[in-house]
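A.B. asks: please find the sequence and the predicted model below.
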Amino acid sequence: MGSALGGVAFAESQIERFARRAPRARPGARARRVPGRASCNIAIEFGFTGPNSTNAMSCASGTIAVGEAFHTIREGRADVMIAGGAEAPLAPMTYAAFSVIRAMSTRNHDPATPRGRSTRIATAS
C-alpha cells in the first residue's frame, strides 16, 4: 500500500485534545496515525500472509506500491500481491502546508476553465 500522509487528519484532531489535557493524547493515537495500518488491516481482514508493507513516499506512493508488488512477484518472493494507494488528508494544516509549497490552486475564481485558456467567449463580428 501507499499513503503519503495517511492518518494526518486524525493526528490533527488530536492536537486540540492534547493542548487541553497535556501531555495526554487518546490511547492508540500513535497507532491510528501510522500509514502502515492500511496494509496490515487488509492482511488481517482477509487472512493474507507473506510480504506486507506500506510506503509513505509522496503523492506517488500508490504507484510506488504497485511497482514494489511487481518486483516482489518478479523476484519470486510471492505469487500474488495486492497493491494500491489510499489518501484523504482533508485537514486544515494539510491544506495550509500544500498552499505554502504552492501545490494548491489559486484559480478559485474560475476552477472549470483549464489553465492557460481564455475565459472569454468568442463572438462573431
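C.D. replies: Here it is on my side, so go on.
A.B. asks: got the contact list for Thr72?
C.D. replies: Contact partners of Thr72, counting by C-beta atoms under 8 Å, 6 or more residues apart in numbering, are 51, 78, 81. C-beta here means a position set from N, CA and C on the backbone, and glycine is covered the same way.
A.B. asks: now do it against Ser39, distance only.
C.D. replies: In this view, Thr72 and Ser39 are 12 Å apart by C-beta to C-beta, to the nearest Å.
A.B. asks: who's in contact with the helix or strand where Tyr95 lies?
C.D. replies: According to DSSP states H and E, Tyr95 maps onto helix 92-100. Under the criterion C-beta under 8 Å, 6+ apart, residues 5, 8-9, 12, 104 lie in contact with helix 92-100.
A.B. asks: of those, buried ones?
C.D. replies: Among the contacts of helix 92-100, those classed as buried by 16 or more other C-beta atoms under 10 Å are 5, 8-9, 12.
A.B. asks: pLDDT weak spots in this structure?
C.D. replies: When residues are selected by pLDDT under 70, those of the chain lie in 22-34, 115-125.
A.B. asks: show me where it has its helices.
C.D. replies: 8-20, 29-33, 37-46, 61-74, 92-100 (DSSP state H).
A.B. asks: and these, which is most packed in?
C.D. replies: With neighbours taken as mean count of other C-beta atoms under 10 Å, these reach their highest mean count in helix 61-74, at a mean of 16.
A.B. asks: and that one with helix 37-46, angle?
C.D. replies: Interaxial angle, helix 61-74 versus helix 37-46 (axes from the mean of the first three to the mean of the last three C-alpha atoms, to 10 degrees): 50 degrees.
A.B. asks: ok, and the closest non-adjacent residue to Ser53?
C.D. replies: Leaving aside its chain neighbours, Ser53 sits nearest to Ser39 (6.2 Å; criterion: C-beta to C-beta, 6 or more residues apart in numbering).
A.B. asks: picking that back up, distance to Val66 for the contacts of helix 92-100 - can I get that in JSON lines?
C.D. replies: Formatted as JSON lines, the contacts of helix 92-100 follow (distance: C-beta to C-beta, whole Å):
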{"residue": "Leu5", "distance to Val66": "19"}
{"residue": "Val8", "distance to Val66": "22"}
{"residue": "Ala9", "distance to Val66": "24"}
{"residue": "Glu12", "distance to Val66": "28"}
{"residue": "Met104", "distance to Val66": "26"}
